[in-house]
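In: What shape does this take:
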Amino acid sequence: MGDLSGRRGRVLGTEPVGQGRTLVKAEVPQLEISRYAVDLRSLSHGTGTFTRTYVRHEAMPAAVAAKIQAETAD
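Out: Okay, here's the model as predicted:
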């Protein structure tokens, strides 16, 4: 859950789904989740999976937009 929070995610809840497994429901911006499959495998030693669906559009925070503009201006 700390990894999702670091990606500007909002954890909506958790529930046990079997022995030693937990389902985490969260909303994370698309920009932050693009490499998540690779990172999740690393964090979970190859056992984690995730699915994603579009929920809604939200404005990008000004600090993130400024960073992207600076990167693309080079």
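In: to the chain's geometric centre, what's the distance from stretch 54-63?
Out: 13 Å (C-alpha atoms, centre = their mean, to the nearest Å).
In: pull the CA atoms of that stretch into CSV?
Out: C-alpha atoms of stretch 54-63 as CSV (Å, rounded to 0.1, in the frame of the first residue of the first chain):
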residue,chain,number,x,y,z
TYR,A,54,-10.8,3.6,-16.2
VAL,A,55,-12.8,5.4,-13.5
ARG,A,56,-12.8,9.1,-14.3
HIS,A,57,-10.7,12.0,-15.5
GLU,A,58,-9.1,14.4,-13.0
ALA,A,59,-6.9,17.4,-13.5
MET,A,60,-3.2,16.8,-13.2
PRO,A,61,-1.6,18.5,-10.2
ALA,A,62,0.2,21.7,-11.2
ALA,A,63,3.6,20.4,-9.9
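In: Now it: buried residues?
Out: Within stretch 54-63, not a single residue qualifies as buried, counting by 16 or more other C-beta atoms under 10 Å. C-beta: built from backbone N, CA, C; applies to glycine.
In: per-residue confidence averaged over it?
Out: Rounded to a whole number, the mean pLDDT of stretch 54-63 is 89.
In: got the contact list for that stretch?
Out: 8, 27, 29, 31, 68 (C-beta atoms under 8 Å, 6 or more residues apart in numbering).
In: Tell me the secondary structure at the first one.
Out: It stands for Arg8. coil (DSSP: H, G, I helix; E, B strand; the rest coil).
In: Also Ala26?
Out: Quick answer, by three-state DSSP: Ala26 is strand.
In: gap between it and Leu40?
Out: 12 Å (C-beta to C-beta, to the nearest Å).
In: Out of the contacts of stretch 54-63, which is nearest to Phe50?
Out: Distance to Phe50 across those (C-beta to C-beta) is lowest for Glu27, with 12.5 Å.
In: With adjacent residues omitted, what lies nearest to that closest one?
Out: Arg10 (4.8 Å; C-beta to C-beta, 6 or more residues apart in numbering).
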